[in-house]
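# model the structure of this input:
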Amino acid sequence: MRLINAYSICCRGSYIYSASLFFGLHRSGLPVSLRTSTEFSLPSRSLPAAKPGRPSLRSPSPLGVAQGKTKTPASYSVVGSQSTGDSVPFRRGRSPSPRRGPSPAQTRPMSSGGVEQVPLLKVDKEDPYDGVIVKMDEPMDPEAFLAALRASISQWRQKGKKGVWIKLPIGLSNLVDPAVKEGFRYHHAEPDYLMLVHWIPTDIPSTLPANASHRVGVGGFVMNSKREVLVVQETSGKFKGTGVWKLPTGVVNEGEDICTAAIREVQEETGIEADFVEILAFRQSHKSFYTKSDLFFVCLLQPKSSEIEKQIVEIEAAQWMPIDAYADQPFVKKNQQFSAIAKICIERSNEQITGFTPKAVTTGSGKKTYIYSPK
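Numbering: from 1, shown residues only. Coordinates of the predicted model:
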């Protein structure tokens, strides 16, 4: 009977999970839940009611922008009307300034009935959860954006939409302030864009998914035929200058498989080429990277070369070290987490346990992925 043994680690209250052969269960289940950042949809306050002779949208300046500098959205719809059309109607009142009317470039589009036309934001796509996703691509005046945003939210509310996602490229950061004032909040940021979200309903709790909750790391346990393990000393971080020899480690890149990341990290730090064999253990730790949790996978690799070429920037030294000497380091023996990992590696080297090997599968959408399971 093959079950999972959980080593209890006092450091940060973490656990290390490894595959071992025994009867009975020390800890059952895998309490790991990964949330990933996905695009869905959000709210803003509704349009204020129009008063006779005055515009519905009370803006300090007319809707519209200097000609040639900004563009208005391409798609339009009617809000609050049974008819169909291209825009949201608003009765036009007197000019904000009786001495000087707005210039042609500042005038809102007019219908034949003297009704102001407010353009709506273009929806890039709708998600399966009654949400809309808006990707802003063209420059836009903040006041024009605010008016279009209010009108769009009013229409989305009438259509029963719940979540709104607005993707702003870094070049349109001037639109963040008006969106936040309308109730939008930050969801996540990438080097080239910011994602804002808003939940429209006021009587239904928000079901918008949280931002990604975990970072994923890997460590490579590479042992040659002489029972020597590949270890490194780092030039930076908490192990700098400590003299501690540790396994090559690193972070899994976005879109990268665990098995691929382990091979890459070993090769980058030591120059050793290796084949992925199996996952020996994994550990979950909380608040490891700012507020994010961390998943760390200890991976067994089979070396295909032996000559070390250490990375200059991150690695101070690298060598092949007898596995018993690695486990007998004072730091490793004192640190329960490192000691538990060393014990697992020794047990695997003695063929007392086996790990989880990858099996290539295809998802329902046709994506290739891996399922890791005992042999």
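# and the strands in the stretch 51-200 of the chain?
Along the stretch 51-200 of the chain, the segments classed as strands by DSSP state E, counting those that start in this stretch run 88-91, 115-118, 125-127, 131-135, 163-169, 185-190, 193-199.
# same deal with the stretch 201-350 of the chain?
214-222, 228-234, 249-251, 274-289, 292-303, 315-322.
# give the pairing partners of the fifth one; include direction for each.
Right, the one you point to is strand 292-303. Strand pairing for strand 292-303, determined by DSSP bridges: strand 214-222 (parallel), strand 274-289 (antiparallel).
# now swap in the third one and tell me
Strands flanking strand 249-251 in the sheet, each with its direction: strand 214-222 (antiparallel) (DSSP bridges).
# next, the angle strand 315-322 makes with the strand it pairs with.
50 degrees (axes from the mean of the first three to the mean of the last three Cα atoms, to 10 degrees).
# please name the residues that touch Leu300.
Applying Cβ atoms under 8 Å, 6 or more residues apart in numbering to Leu300 gives the contacts Phe221, Phe276, Val277, Glu278, Ile279, Leu280, Arg348, Gly355. Every C-beta, even on glycine, is put in place using the N, C-alpha and C of the backbone.
# now it: how far from Pro178?
53 Å (Cβ to Cβ, to the nearest Å).
# so where's this structure shaky on pLDDT?
1-15, 18-116 (pLDDT under 70).
# domain parsing for it?
Domain assignment for the chain, taken from automatic domain parsing, gives 2-35+214-374, 37-211.
# for stretch 350-369, which outside residues touch it?
Residues from elsewhere that reach stretch 350-369 (Cβ under 8 Å, 6+ apart): 18-21, 257, 259, 276-281, 300, 344, 347-348, 370-375.
# filter those to the buried ones?
18-20, 257, 259, 276-281, 300, 344, 347-348, 370, 372 (16 or more other Cβ atoms under 10 Å).
# pretty sure Glu268 contacts Val251?
No. Using Cβ atoms under 8 Å as the test, Glu268 is too far from Val251 to be in contact (11.6 Å).
# re the thing from before, wait, which of the strands of the stretch 201-350 of the chain is closest to Leu121?
With respect to Leu121, and counting by Cβ to Cβ, the nearest of the strands of the stretch 201-350 of the chain is strand 292-303 at 31.4 Å.
# and the closest one, what's buried?
Neighbour-count burial for strand 292-303 [16+ other Cβ under 10 Å]: Ser293, Asp294, Leu295, Phe296, Phe297, Val298, Cys299, Leu300, Leu301, Pro303.
# pretty sure the second one sits against Phe282.
No. Distance between Asp294 and Phe282: 10.5 Å, which falls outside the contact criterion (Cβ under 8 Å).
# tell me the contacts of the closest residue to Ala261 other than its chain neighbours?
Closest residue to Ala261 apart from its sequence neighbours, by Cβ to Cβ, 6 or more residues apart in numbering: Val252 at 4.2 Å. Contacts for Val252 (Cβ under 8 Å, 6+ apart) come out as Val216, Gly217, Val218, Ile258, Ala261.
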